[in-house]
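A.B. asks: below: sequence and its predicted model.
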Amino acid sequence: MIRAALALTLPLFALGALLMALGCRGREPGIRRARWVKFLFYFLIVHGVLGAARAGRSALTMLAGAIVLAACWELARARRRMARPSGWLWLPALALFAGFLARCWTLAPDRILYLFLGAAAFDGFSQVTGQLVGKRALAPALSPAKTLEGCAGGLAGAVLAAVALRRFAGLEPGAAVLAGAGIGLAALAGDLAGSWTKRRAGIKDFSALLPGQGGVLDRFNSFIAAAVLAGTLL
């Protein structure tokens, strides 16, 4: 399982590094440095999750629990910053977190890894593609940096990962394409929900726990949504 995952992640990160270098041309040194720090820590996070999957279901569930605890702290912190905090904000959030924990406990580690890598491919390709060729805003009221081109690149990356790793979920190629699209759309929904919350709180990141990434929710909101929403496909 891990060898097959590495056979995908390492070439994709190499391609991402190349696209990152192209996208950083002509940028100010500070912007280039920030993008590379984010890229490198993303590499470490992705392969840290691979290590947890290799260790088994218990390790994955413990990691999921740590993510949820940090996410609850970050969400409470964001809610305190809102001018008019909504009490109902916790209802969908807690339901999503509970579903995420349940998925990590009930699904086999290779299927959780399948969902995670699909969401990670969406995140990585949408960011790099958006920086490289993004021009048209996807949801300017929520996240001005997100573009239609970046979203298309992210969906392509999610489908690529889903097809390449389809044996993790026991899917045929056609079904894997649909699963990849579902994972990408679920990841986008989680990302936009996080952006909406940050907009209401008037913050850029949920926290600064992860260097270059912002907070735990900034990094894992797409995975949480993909695990709960697209996990139904598996």
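C.D. replies: Alright, I've got the coordinates.
A.B. asks: from here on, contacts and neighbour counts on C-alpha atoms
C.D. replies: Fine.
A.B. asks: list the buried ones in stretch 182-199?
C.D. replies: The neighbour-count check on stretch 182-199 (16 or more other CA atoms under 10 Å) flags 182-195, 197-199 as buried.
A.B. asks: pLDDT below threshold where in this protein?
C.D. replies: Within the chain, the ranges that satisfy pLDDT under 70 run 86-87.
A.B. asks: quick one, longest helix in it?
C.D. replies: For the chain, the longest helix by residue count, based on DSSP state H, is helix 173-201.
A.B. asks: which residues does whichever helix or strand comes after that helix contact?
C.D. replies: Per DSSP states H and E, the first helix or strand lying C-terminal to helix 173-201 is helix 216-229. Here helix 216-229 makes contact (CA atoms under 8 Å, 6 or more residues apart in numbering) with 67, 70-71, 74, 96-97, 99-100, 103, 112, 115-116, 119-120, 123, 183-184, 186-191, 194, 205-207, 209-210, 213.
A.B. asks: now the helices for the protein?
C.D. replies: 2-23, 29-55, 57-81, 90-106, 109-133, 148-164, 173-201, 216-229.
A.B. asks: who wins for proximity to Ala141 among those?
C.D. replies: Between Ala141 and those, the tightest spacing by CA to CA is seen for helix 173-201, at 8.6 Å.
A.B. asks: dump the longest strand along the chain to PDB, restricted to CA.
C.D. replies: If you go by DSSP state E, the chain has its longest strand at strand 143-147. This file holds the C-alpha atoms of strand 143-147, laid out as PDB (Å, rounded to 0.1, in the frame of the first residue of the first chain):
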ATOM      1  CA  SER A 143     -11.900  33.400  -1.300                       C
ATOM      2  CA  PRO A 144     -10.400  35.800  -3.800                       C
ATOM      3  CA  ALA A 145      -7.400  33.600  -4.400                       C
ATOM      4  CA  LYS A 146      -9.400  30.700  -5.700                       C
ATOM      5  CA  THR A 147      -9.800  30.600  -9.500                       C
END
